[in-house]
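A.B. asks: Curious how this folds, go ahead:
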Amino acid sequence: MAQRRPTPLQEVEAAPVDDAKVIDAQFKIVSARTGKRRIFWSALIAIFWAALVGFLIPPAWIVFQSIGEYFAAP
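C.D. replies: Next up is the predicted model:
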């Protein structure tokens, strides 16, 4: 999905509203993934998929060979 172009904004000084409540809050990031943690997790997933593919190729190869032998036999 293409990103929209940014909308240019201009700051305008406005008079404060009487009896308006001002919300002043400080935010804290509670569960941010650090770079090392993300790299470790990505490497772990990559190793899992590589192992899965590595363990599935030999049995599939044997199945294909047996099918080929079945059809090649006179």
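
A.B. asks: how many neighbours does L9 have?
C.D. replies: For L9, the count of nearby residues is 6 (other C-beta atoms under 10 Å). All C-beta spots, glycine's among them, are computed from the backbone N, C-alpha and C.

A.B. asks: Looking at it now. What's its pLDDT?
C.D. replies: With respect to pLDDT, L9 has a value of 70.

A.B. asks: Helix, strand or coil: sort out it for me.
C.D. replies: Here L9 is recorded as coil under DSSP: H, G, I helix; E, B strand; the rest coil.

A.B. asks: For the chain, give me the ranges with low pLDDT.
C.D. replies: Along the chain, the parts satisfying pLDDT under 70 run over 1-3, 11-12, 15-16, 29-34, 74.

A.B. asks: ranges for the strands of it?
C.D. replies: Here the chain has no strands by DSSP state E.

A.B. asks: Just give me the residue closest to the centre of it.
C.D. replies: Centroid-nearest residue in the chain, with C-alpha atoms, centre = their mean: S42, separated by 9.1 Å.

A.B. asks: Would you mind measuring from it to Q65?
C.D. replies: From S42 across to Q65, the span is 35 Å (C-beta to C-beta, to the nearest Å).

A.B. asks: And G68, how far from I62?
C.D. replies: For G68, the distance to I62 - C-beta to C-beta - is 11 Å.

A.B. asks: oh sorry, the question was meant for D19
C.D. replies: For D19, the distance to I62 - C-beta to C-beta - is 80 Å.

A.B. asks: who has more neighbours, these two?
C.D. replies: The neighbour count for D19 versus I62, taken as other C-beta under 10 Å, is higher for I62 (10 against 5).

A.B. asks: what's near enough to touch the more buried one?
C.D. replies: Residues near I62 by C-beta atoms under 8 Å, 6 or more residues apart in numbering: none.

A.B. asks: So which residues of this protein form helices?
C.D. replies: 35-72 (DSSP state H).
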